[in-house]
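K.L.:
predicted model follows, preceded by the sequence.
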Amino acid sequence: MVTCRKVLHKAPVLFPVLVFAGIQSLAAIEPERDFSGQWVLDPAISNTQALIEPLERTLAITQQEGSIQCSASFNGTSVSWSYALNHEETRYRLGEESRSSVVKWEGPALLVNTLVSGPQGYTVMDRWSLSRDRSRLSITRQIVRAGTQNEGTLVFRREGQPATLVSSNTPALSRPAPPAAPAEITVAAGTHIPLTLRNGVDTKYSHEGDRVYLDTAYPITIGGRVVIPPGSSVNATITTSKAAGTVKGKGELFIRFDSLTLPNGVTRDFRSRLASADSSTTGKVDPREGKVTGERDKADTARSTAEGAGIGTGIGTLAGAAAGSPLKGAGIGAAAGAAAGLASVLIKHKPDAKIPAGSTVEMVLDRDLHYLPTELKF
């Protein structure tokens, strides 16, 4: 009887604890950070003249603690994708474009940085925020391409909410004047920055997600003032590494530059591409996509193949002599030796892409880097 009383006494204590833990899990998403819902673009209060089409006309968002699932209609074309809320990169396609996004929180706002590759490469920087009554979702968008930067705002209303009406008898919706910019120094988007590679990378041993560490090789000056001194640190990530596989397959290496840290610790984030590399690099750099593709050394291959054929001829001659027919053996030896030599060369000289440590490479900024004078004290 004593044992039964103990069991009955403990059971009621566990139940409220489990219920409380469940309530905590459900309340993990803060309301001002919860963008879930069906959203419709409100053109009357949006500013999209400078933005690139296609634009989202409707936006369906389902948000969980670790991810955001999105589905949008772009001029009648529906596309679905997701954002990981743990700083991991997510990828999806929109028409001919391949998009790679990373998100992070800035208070109640969500910052979405997207690197776009396709017929034209560019960068999209979005800032999502909700109105106080959570009836409006605003996406402030910056698009950086070919050294230019365009800005605009998409304002969405919740589905079922009335659209904003602009009467001809009322003055046009006035937009607040932008605040006066503080005195700052800007390194413009499109600036080429030479870097020295600390750790070598190649398609044979490097893998997707590996970190790459570099230093600026030369000072970057603005108006006679050093803004980025040599020795500043740049962190990069290998986003794709494909080793050369078949006879015709070429290795491919994609490197994304993520951040630059000045010697005093001031850091700026970006999503920049590889623009060029010095002659020590094995492969061809495509500055439009920021990738290195391996190329076979045809001269060495031809020479090694010929040497292999000669060795094969000698072996075949000896084998033929032993069989009593040296001429026949020589013919067999030449063919077999050439084939063996060719096979060994193709195995040995696969067109892997490689950038050795100490190489000088060049990145091109995808956005402006802004610094206050007080941040440039080295």
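P.N.:
Nice, thanks for sending it over. Because the structure is a prediction, the values reported are computed rather than measured. Numbering: from 1, shown residues only.

K.L.:
mind checking how far the residue nearest to D366 when sequence neighbours are not counted is from R145?
P.N.:
Using C-beta to C-beta, 6 or more residues apart in numbering and skipping residues adjacent in sequence, the residue nearest D366 is T123, 4.3 Å away. Glycine gets a C-beta too; all of them are placed from N, C-alpha and C. T123 sits 7 Å away from R145, going by C-beta to C-beta, to the nearest Å.

K.L.:
now swap in Q120 and tell me
P.N.:
Using C-beta to C-beta, Q120 is found at 7 Å from R145.

K.L.:
buried ones in the host helix or strand of L274?
P.N.:
Using DSSP states H and E, the element containing L274 is strand 267-277. By neighbour count on 16 or more other C-beta atoms under 10 Å, the buried set for strand 267-277 is R268, F270, R271, S272, R273, L274, A275, A277.

K.L.:
what's the answer for stretch 208-224, then?
P.N.:
V212, L214, T216, A217, I220.

K.L.:
picking that back up, partner strands of the strand holding L274, with direction?
P.N.:
Strands that pair with strand 267-277, judged by DSSP bridges, come out as strand 252-261 (antiparallel), strand 360-364 (antiparallel).

K.L.:
other SSEs contacting the helix or strand following that strand?
P.N.:
Toward the C-terminus, strand 267-277 is succeeded by strand 284-286 as the next helix or strand (DSSP H and E). Judged by 3 or more C-beta pairs under 8 Å, 6 or more residues apart in numbering; DSSP states H and E, strand 284-286 is in contact with strand 267-277, strand 291-293.

K.L.:
output the below-cut-off pLDDT ranges for the stretch 101-250 of the chain.
P.N.:
For the stretch 101-250 of the chain, applying pLDDT under 70 flags the ranges 146-147, 166-182, 245-249.

K.L.:
now for the buried residues of strand 267-277, which pair is the farthest apart?
P.N.:
Farthest pair in the buried residues of strand 267-277 (C-beta to C-beta) is R268 and A277. Separation: 22.8 Å.

K.L.:
helices along the stretch 1-150 of the chain, start to end?
P.N.:
Taking DSSP state H, counting those that start in this stretch as the test, the helices found in the stretch 1-150 of the chain are 2-26.

K.L.:
strands of that one, start to end?
P.N.:
Assigned strands in the stretch 1-150 of the chain, in chain order: 37-41, 56-63, 67-74, 77-84, 90-94, 97-106, 109-117, 122-130, 136-145, 148-158 (criterion: DSSP state E, counting those that start in this stretch).

K.L.:
now mean neighbour count and distance to L376 too, for the ones you listed, in a markdown table please.
P.N.:
Putting those into a markdown table (neighbours: other C-beta atoms under 10 Å; distance: least, C-beta to C-beta, whole Å) gives the following:
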| stretch | mean neighbour count | distance to L376 |
| --- | --- | --- |
| strand 37-41 | 19 | 41 |
| strand 56-63 | 17 | 39 |
| strand 67-74 | 17 | 37 |
| strand 77-84 | 14 | 34 |
| strand 90-94 | 15 | 35 |
| strand 97-106 | 16 | 24 |
| strand 109-117 | 20 | 24 |
| strand 122-130 | 19 | 23 |
| strand 136-145 | 20 | 23 |
| strand 148-158 | 17 | 22 |
